[in-house]
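Chemist: A predicted structure for the sequence below; I have some questions about it.
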Amino acid sequence: MSIYLDVIWALNFMVDLMLLMLVQILARKPVKRRRLFLGAFIASCIVPLTILYPNSFFNHVAGKLLYSVIIIFSTFGFKSLYRFIKLTFLFYFVSFAIGGGLMAIHFFLQRPVTVSLEGIITFNQGYGDPVSWIFVITCFPIIWYFTKRRMDEHVGEQVKYDEMYKVILTMNHQSFESIGYIDSGNQLVDPLTRQPVVICDQPFLKQWFDDEEWEELKNVKEHLDFSQLPKKWEDKLHLIPYQGVDGSHSFMLAIRAEELTIFYNKEVLQAANVFIGIQFGVLERDGQYHCLLHPLIIKQSIIQSA
């Protein structure tokens with residue numbers, strides 16, 4: 001049987017890259033793309049190492065554990081022992097989850113036993129045949145996507161609703177602080193990009209506008225006359241269609257903000273290019289909060305520090 005080392009190596013590189021990407025997504029840790037590629041390359045080097053040196057130290061349990069540590073260190077670096085151990089265990093969890101899913105589908109589709117006149121015949125083709133590699137290439141992205149979606153849903157279920165947190169909003173190179181309220185009823189998303197929309201009220205947003213610009217925004221909202229848009233906000237304003245509680249359809253004027261920082265419990269979450277829906281009025285009479293945070297913002301944000 002011929003072994004195409006370059007093909008196997010390339011396939012393993014892609015698999016390792018997607019595994020590390022999933023670890024980064026689930027851990028919500030900012031990682032540069034070149035670090036992900038470096039980690040995937042180091043991880044894929046186990047293929048020629050195993051084939052050329054079958055009795056090497058890295059083919060034993062202790063060697064494999066050490067190799068995993070090298071992969072995590074090269075990809076995510078070392079900032080604290082707790083963070084490093086957490087990432088290592090998450091790497092193993094993701095690998096076992098996706099590997100287990102592939103094994104389950106493989107054996108579900110297989111027919112390892114058949115009965116003939118001569119008796120019971122068993123088959124064991126293994127993972128080295130071309131069909132198995134096609135199976136991995138086809139099914140791995142599906143299992144990867146399913147695992148990511150399920151973990152995203154789990155994170156969403158852990159979001160603490162009906163609580164208020166300090167937020168810092170940056171628009172047009174200016175930043176102001178306020179209080180945001182996580183509203184389970186806020187399900188507004190941009191229909192084109194499927195990005196969540198955070199709604200902020202007039203007392204907070206007016207800090208970025210002078211009186212004339214704010215009146216121009218009101219006219220745009222009331223008359224849909226985009227010729228009255230303030231010049232410096234033209235490329236940042238969007239219309240978000242939505243359906244009201246009475247079933248009527250309308251539009252909300254939204255601004256593409258540069259960054260939204262949320263001080264969520266002991267974590268600092270940051271989301272870039274966030275849609276900020278403009279509420280011409282107040283969200284809460286007592287002024288306890290000025291932003292309605294979308295639950296998706298919490299799970300899609302990147303943890304910058306803890």
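Modeler: Sure, I can see it.
Chemist: hang on, isn't Ile25 packed against Tyr145?
Modeler: No - at 11.3 Å, Ile25 does not count as touching Tyr145 under the criterion of Cβ atoms under 8 Å. (Glycine included, C-beta is placed from N, CA and C.)
Chemist: in terms of neighbours, single out the busier of those two.
Modeler: Ile25 (16 against 12; other Cβ atoms under 10 Å).
Chemist: so who does the closest residue in space to Gln195 that isn't next to it in sequence touch?
Modeler: Sequence neighbours aside, Phe275 is the residue nearest to Gln195 in space, at 5.8 Å (criterion: Cβ to Cβ, 6 or more residues apart in numbering). Counting by Cβ atoms under 8 Å, 6 or more residues apart in numbering, Phe275 makes contact with Asp190, Gln195, Pro196, Val197, Val198, His238, Ile240, Ala254, Ile255, Arg256, Ala257.
Chemist: give the helix, strand or coil label for Phe275.
Modeler: strand (DSSP: H, G, I helix; E, B strand; the rest coil).
Chemist: go on, Glu259?
Modeler: Glu259 - assigned by three-state DSSP - is strand.
Chemist: ok, now the one 10 residues further on?
Modeler: Classification of Leu269 using three-state DSSP returns strand.
Chemist: that one touches Ser301, doesn't it?
Modeler: Yes - with contact defined as Cβ under 8 Å, Leu269 reaches Ser301; the gap is 3.6 Å.
Chemist: who touches both of these two?
Modeler: Ile262.
Chemist: give me the contacts around stretch 61-78.
Modeler: 16, 20, 23-24, 29, 31, 35-36, 38-39, 42-43, 46, 56-58, 84, 87-88, 91-92.
Chemist: can you turn the buried part of these into a ChimeraX selection?
Modeler: Here is the ChimeraX selection string for the buried members of those, based on 16 or more other Cβ atoms under 10 Å:
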select :16,20,23,24,29,31,36,39,42,43,46,58,84,87,88,91
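Chemist: among the contacts of stretch 61-78, name the ones in helices.
Modeler: 16, 20, 23-24, 35-36, 38-39, 42-43, 46, 84, 87-88, 91-92 (DSSP state H).
Chemist: nearest to Phe280, out of those residues: which one, please.
Modeler: Relative to Phe280, the closest of the ones in helices among the contacts of stretch 61-78 is Gln24; by Cβ to Cβ it sits at 39.3 Å.
Chemist: tell me the pLDDT of that closest one.
Modeler: Listed pLDDT for Gln24 reads 83.
Chemist: which residues touch the residue nearest to it when sequence neighbours are not counted?
Modeler: Spatial nearest neighbour of Gln24, chain neighbours left out: Val31 (4.9 Å); criterion: Cβ to Cβ, 6+ apart. Each residue near Val31 by Cβ under 8 Å, 6+ apart is listed here: Gln24, Thr75, Phe76.
Chemist: TSV for those residues, including distance to Lys166?
Modeler: As requested, the contacts of Val31 are arranged in TSV below (distance: Cβ to Cβ, whole Å):
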residue	distance to Lys166
Gln24	26
Thr75	32
Phe76	28
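Chemist: how are the helices of this structure distributed by residue range?
Modeler: 5-27, 33-44, 46-52, 61-76, 81-109, 130-157, 202-205, 211-223, 295-300.
Chemist: would you tell me which of those gets closest to Glu163?
Modeler: Using Cβ to Cβ, the nearest of the helices of the chain to Glu163 is helix 295-300, at 10.7 Å.
Chemist: what about the closest one, average pLDDT?
Modeler: Mean predicted lDDT for helix 295-300 stands at 78.
Chemist: check which helices and strands that helix sits against.
Modeler: Where contact means 3 or more Cβ pairs under 8 Å, 6 or more residues apart in numbering; DSSP states H and E, helix 295-300 is packed against helix 130-157, strand 249-264, strand 267-279.
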